[in-house]
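Enquirer: Compute the structure for the input listed below.
(one chain, ligands or ions: 2)
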Amino acid sequence: MKIKSAEFVISNSDVSKCPDSSLPEYAFIGRSNVGKSSLINAITGRKSLAKTSGRPGKTQLINHFLVNNNWHLVDLPGYGYARVSKNVKKTFQKFITAYFEQRKQMLCAFVLIDSRHEPQAIDMEFMQYLGENGIPFCIIFTKADKLKPMALERNIETYKTKMLETWEDMPQFFITSAESGMGKDEVLEFIDSVNSQFKGD
Ligand code: GTP
Ligand code: MG
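Expert: Ligands and ions are numbered 1, 2, ... in the order given. Down below sits the predicted model:
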């Protein structure tokens, strides 16, 4: 899929104020600093569409971006950011869960996982939550440019093994780098195919 246009639509913390549209949408979720906003920029080819930062906790709202005038990409705040207060964390969690439970046009959540790290409980719990609520998701491993190919492969294998302790199958996954552009065509192809199924093509 070629990106012809990508534009910011709206930011908010109230799911009922998200765009009143039935266009299919795809949400980027994961720990703070995992690279959600950077990957949205890489995928759309727009360097500063979503705001990024070296400091975790940059994205604090639900951000909708309209792509090719016919689907939405959604940038969400990260979970597991220790430095925000407990109250702020609770508010985040509330609107993130409200988002996933209420946005029926959200066709797939991309759960971003830093490819450098060992499997983390918070990500496992979040995927468990998605599974229990019947919310479709894929895994996106990020920052692949930071590892040598062998180490990358080893970490993915470790992740698969961990997932298979609780899941019957490994969910569909993508290996990406916002830096090198690795994996972005695959993610776009996937979105394209889900969009087509949605339209009934
Ligand atoms: P929050 O909004 O705080 O939850 O973070 P986020 O998940 O949106 O992360 P963001 O895209 O802001 O990136 C965090 C940091 O990681 C930034 O310094 C990025 O430049 C860096 N980063 C993101 N993706 C990549 C990548 O693929 N490779 C490398 N080397 N750095 C990356
Ligand atoms: Mg962000």
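
Enquirer: pLDDT below threshold where in the chain?
Expert: In the predicted model of the chain, residues 81-84, 201 satisfy pLDDT under 70.

Enquirer: Can you name the residues of it that neighbour ligand 1?
Expert: Residues of the chain lying close to ligand 1 (CB under 6 Å from any ligand atom) are 32-38, 52-54, 56-59, 77-78, 142-143, 145-146, 177-179. For glycine as for every other residue, the C-beta is placed from the backbone atoms N, C-alpha and C.

Enquirer: just so I have it, where are all the helices in the chain?
Expert: 36-44, 86-102, 121-132, 149-163, 184-199 (DSSP state H).

Enquirer: Switch these over to JSON lines; also include mean neighbour count.
Expert: Formatted as JSON lines, the helices of the chain follow (neighbours: other CB atoms under 10 Å):
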{"stretch": "helix 36-44", "mean neighbour count": "25"}
{"stretch": "helix 86-102", "mean neighbour count": "14"}
{"stretch": "helix 121-132", "mean neighbour count": "15"}
{"stretch": "helix 149-163", "mean neighbour count": "14"}
{"stretch": "helix 184-199", "mean neighbour count": "15"}
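
Enquirer: Let's see the PyMOL selection covering just the buried ones among the residues of the chain next to ligand 1.
Expert: If you want just the buried ones from those in PyMOL, going by 16 or more other CB atoms under 10 Å, the selection is:
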select buried, resi 32+33+34+35+36+37+38+52+56+57+58+59+77+78+142+143+177+178
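
Enquirer: could you pick out which of the residues of the chain next to ligand 1 are near ligand 2?
Expert: When contact is defined as CB under 5 Å from the ion, the residues of the chain next to ligand 1 meet ligand 2 at Lys36, Ser37, Lys58, Thr59.
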